[in-house]
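> Below: sequence and its predicted model.
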Number of protein chains: 2
Amino acid sequence: MSSDEPLTREKSWLSYTYEGRKGWKSLRALNLFRGVYHDVRRRLPYYWSDITDAWTYCVVASTIRMYFVNMLPAIAYTLDMYRRTGEFYGINEALFSSAMAAMIFSVLGAQPLTIVGITGLISLFNYTIYDIVTIYKPVIYPNFMCWTAIWAAIFHWIVAVCNLCDYMRYVTDFSSESFGAYVGIIYCIKGVEELVIEFTTHGNTAGFMSIIIAILYFLTIYGLERLGSSTIWKPWFRGLLADYAYVIGTIFWVGFSHIPGNLKATHVSFVPITRAFYPTQPRGWLIHFWELDAKWVFAALPFGFLVMLLFYYDHKVSSLTAQARQFPLKKPAGFHWDFFLLGCTTFLAGITGIPMPNGLAPVHTDSLTIYETSLRTISTSEGEGAEIRRPIVTATAVVEQRISHFLMGLLIIGTMTRPLLIVLHTMPAAVFAGVFFTVGWGSIESNGVLQKVIFLARENRFIQRDEPLLTVRRRKIALYIACQSVGVAATVAISQTIAAIGFPILIIALIPFRAWVMPRWFSAEELDVMDDLTANNSAVLASLGRPPRFPGQPDHERFGQERRYSEQRFGPARQRAGSIRR
Amino acid sequence: MSSDEPLTREKSWLSYTYEGRKGWKSLRALNLFRGVYHDVRRRLPYYWSDITDAWTYCVVASTIRMYFVNMLPAIAYTLDMYRRTGEFYGINEALFSSAMAAMIFSVLGAQPLTIVGITGLISLFNYTIYDIVTIYKPVIYPNFMCWTAIWAAIFHWIVAVCNLCDYMRYVTDFSSESFGAYVGIIYCIKGVEELVIEFTTHGNTAGFMSIIIAILYFLTIYGLERLGSSTIWKPWFRGLLADYAYVIGTIFWVGFSHIPGNLKATHVSFVPITRAFYPTQPRGWLIHFWELDAKWVFAALPFGFLVMLLFYYDHKVSSLTAQARQFPLKKPAGFHWDFFLLGCTTFLAGITGIPMPNGLAPVHTDSLTIYETSLRTISTSEGEGAEIRRPIVTATAVVEQRISHFLMGLLIIGTMTRPLLIVLHTMPAAVFAGVFFTVGWGSIESNGVLQKVIFLARENRFIQRDEPLLTVRRRKIALYIACQSVGVAATVAISQTIAAIGFPILIIALIPFRAWVMPRWFSAEELDVMDDLTANNSAVLASLGRPPRFPGQPDHERFGQERRYSEQRFGPARQRAGSIRR
């Protein structure tokens, strides 16, 4: 995909390192702009190929799929945020934010595969701040949010300039699995809340009908995605069903809610819309941030810091998984530059009063990956025709380009127009409860925590003898899960209180806990099996300085034996629509 | 289990045959009472052991499980029948019928493993006759039904005495799979009807809530049964969950419908009950059958014949599958005697005005079978620790006795008392819609028709090379499925009309079609692979004369290669609660 010679590419990739540097130059934080500079230098030569590589059907399919996978959860989170921020953030704000992020990151981003948009966590953030601010002075909420974003943007720029993104290489699956489980649980709770609200605002009949739509919507998408990983029908057809599961499910169940008769007569609630291109509240797009008292401006500072912490973790983990080892990527990453850019979008979101966007799940990379399901024959010494046949999925290439991201942005801008807003208005809120369940359960089902629990519950005799987890004592696995569960439980618990905005601190605290406390309880061999670097792709590590060094675990190449074992047996886990989206 | 010496047993088992008989003695229909006599002679020596063998925990568990698995569908069918026969057949009639059948067959039956009770098909029969009779003279319905039963009883006795049950050995999976698919579809339709009625009688709110209960009830039972065949937890525990899936699901969802608040406030419909031990209508238990005009008495004759045809097929197929080869049975069968007895219960049901009971699914045998999940290790030449580990289920023994059947009957009698009727009245009708879905889907999912469709849809390269179906040309498999599907479609279609009572003719017509027409279209080898004798257990064939002889397929031992292949790989299919119940 690149026209560079391998040697040159190799050289430019590896130039960002701190090996061999002496004095102040060896301190990452003092080498201002070094990471950003190297990101740009490393990535720029590929820019033209990001456009020329895009002329395949795959890009069209990816655009359509990503539009749905991005918009449906965004609207789901916005419904929640709309109600809980005194209707300050509505659909128009959400669309504006998604469109702005898509435009900026597809054109300027160093990692065009990382889709940026609205997450449920920023919704949680926004309404918790609303709850806090309304205790004191409700009217300042817009200005206060604006200053939170301005401070957050400043912190983003400091982090990017001081190369602090480098520390993301210490993130391992220990914390990112916990985070995934936390997000999954929160989303399932949100789905239930959405349905409860239907009961209180539109009555029992609407409530019960919404439950039916939500459950069946979830089952439709889950079933279609399961079908995609079966061996029924031709690979292209079952792949199509799975890839467009959201599209199919949404069109069907939206239509269902409009069938004349008992269904139409049950007045369920629909997505609330307002005048196209105007803010939901009667205000201009520019927030009058200069009208806020100085004391409130500084009160917003810690909130801004917390937003930065959340994005530092969430955006980075999303980028890392979008560029994980399972994807055969050929173009390098650029974390510092992208985090700088994220500071800019945060700033713009702040002064226009829209929700701050950040990195989403790796579905985009998945949608651009060319998968091949091939036959794996295992010879046996007896019976069954002397062989066992199994499907194995391999990722052969990724169409690395920025056009699909850009086109998706254009589609979102199109959605901001009146005719398409009216289409949005036909969608019952119940479908979005279903979206919450799909996204939430996707994050829980594939989660390493649950997988380890199932391993412990499984009858020992049916476990393959070469399963790496068998080399770890069972109570050590239980201790490992317990550590993660305590983290998840604590984070879920505070998310239900007004201290919810503190959750990024808890999640990020798991990183030093993993680096310094865990090695005292577990041997290096045990951690090698159970844990894995989240940044495990060399294209990614090029932007993060160099591979991390953990106390007691000198060789990062030995990490993640359990994951590799599972990939070797079943192929890489597909990132379907329902998979981890934060 | 028996005190006989093997030689004597062998001799007495094989004494019922027509080999070597000459003249009128070789014609089965002319050897009156010969089958009945041999059944009694063959089975009687085991009677005492049927009681002494019963002192195990397994019998208690089986009693509880069978009580639920028998009563829940029986009530579901009765709800439907109650509404559609002008409230003539109610819960009391259903309980009385189930109790009577259980008492008679557990004490006197030659095959105490075959549970006899109320099926959905007799409900279909009863209300179709109601629809026909009310065109002419609604008041004669009770007497007309009584005469239908009397004629049916007479035909039963003729069939038993003339040894016509012997022809059941020609039943193959070709027709019994079609029958299973037909029943599954009818039950799913019934489930939907149950929910539609909730909308029309109790309003939309109750309707929507009922849908939720039905769907989640189905998912609960389905999920618990799936768990039972996984390798999670200890075998006894997951077995417990699966065996008591109905108990757990019913208690939970009945409780759910009574949770105070929105759920309790939604007035869904409950099982209608009347005064304990009295008929639902103001009448005595004895039908005044002598008060019917002679013309109506004879009009009932063809209906009686159709009932006998239905029972001939349905009761026998149920008995056959309850004694299929997968169960390691040690005691012989007795079809003629049991069919004679079924004539008696049909007669009693007729003169007391209760639904006529007949044979149910093989869940009883399953609940008495001692299964062992063992490890199967397949050595491989490469990778995966040089072996693949798989669970395989084997049936090691069956606790063949009549006590569990008898105790279940006592429990049903207990249910007829006022306190337990009130417990029944707490159950929402929605749960029974869920029962319909569970029973219906159980019959469809495991059905050979669907399995062959999936085989055709599956990508060829992932099919094991020793799969017997691969030796049959694809269009031959398609033709085979098409033959079955036409039969199923025709039967389902007429079941929706007033000609519904004719469906046994269609089903039974599949047997000669299989014996005479199919061998012209398919080679013997193809039929050997795709079809199997339903009567495939030698303990069963002892009561049916001798193995059947199909034109062009001389060797009955070669039948059913596909089924045997699947059993050899995965072990016998468990008969969970949801499996085929007609």
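It's in. Numbering: from 1, shown residues only, chains lettered A, B, ... in the order given.
> Against which helices or strands is the helix or strand containing A:S49 packed?
For A:S49, the element it lies in under DSSP states H and E is helix A:47-52. Applying 3 or more Cβ pairs under 8 Å, 6 or more residues apart in numbering or on different chains; DSSP states H and E, one finds that helix A:47-52 contacts no other helix or strand. Yep, even glycine has a C-beta here, placed from its N, CA and C like the rest.
> Could you check it and say which residues are buried?
A:S49, A:D50 (16 or more other Cβ atoms under 10 Å in any protein chain shown).
> With stretch A:504-516 instead?
For stretch A:504-516, by 16+ other Cβ under 10 Å, it's A:P504, A:I505, A:L506, A:I507, A:I508, A:L510, A:I511, A:R514, A:A515.
> Who are the contact partners of the first one?
Shown in contact with A:P504 (Cβ atoms under 8 Å, 6 or more residues apart in numbering or on different chains): A:L306, A:L309, A:L310, A:Y312, A:Y313, A:D314.
> is it fair to say it lies in a helix?
Yes. Counting by DSSP: H, G, I helix; E, B strand; the rest coil, A:P504 is part of a helix.
> Pull up the gap between it and chain B, please.
Using Cβ to the nearest Cβ, to the nearest Å, A:P504 is found at 35 Å from chain B.
> For chain A, which residues score under the pLDDT cut-off?
A:1-12, A:381-386, A:570-582 (pLDDT under 70).
> could you pull out the strands for it?
A:116-117, A:358-359, A:369-379, A:387-398 (DSSP state E).
> Of these, which is nearest chain B?
With Cβ to the nearest Cβ as the criterion, chain B lies closest to strand A:369-379 of the strands of chain A, at 4.3 Å.
> does chain B sit close to the closest one?
Yes. Strand A:369-379 is in contact with chain B by Cβ under 8 Å from any Cβ of the partner chain, via A:L375, A:I378, A:S379.
> And the contacts of A:P504, which of them are buried?
Looks like those have A:L306, A:L309, A:L310, A:Y312, A:Y313, A:D314 buried, using 16+ other Cβ under 10 Å.
> ok, of the buried residues of stretch A:504-516, which one's closest to A:N92?
Distance ranking of these against A:N92, using Cβ to Cβ, places A:P504 first at 27.4 Å.
> and of the buried residues of stretch A:504-516, the nearest to A:A361?
Of the buried residues of stretch A:504-516, the one sitting nearest to A:A361 (Cβ to Cβ) turns out to be A:I507, at 16.4 Å.
> show me what contacts the closest one?
Contacts of A:I507 by Cβ under 8 Å, 6+ apart are A:S175, A:S178, A:F179, A:Y182, A:Y313, A:G487, A:T491.
> ok so, going back, now the buried ones among the contacts of A:P504 as JSON lines including distance to chain B?
Listed next are these as JSON lines, based on distance: Cβ to the nearest Cβ, whole Å:
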{"residue": "A:L306", "distance to chain B": "37"}
{"residue": "A:L309", "distance to chain B": "38"}
{"residue": "A:L310", "distance to chain B": "36"}
{"residue": "A:Y312", "distance to chain B": "38"}
{"residue": "A:Y313", "distance to chain B": "33"}
{"residue": "A:D314", "distance to chain B": "33"}
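> related to what we said a few turns ago, name the member of the residues of strand A:369-379 next to chain B with the most neighbours.
A:I378 (16 neighbours; other Cβ atoms under 10 Å in any protein chain shown).
> That residue against A:I388, yeah?
Yes. Distance between A:I378 and A:I388: 4.5 Å, which falls inside the contact criterion (Cβ atoms under 8 Å).
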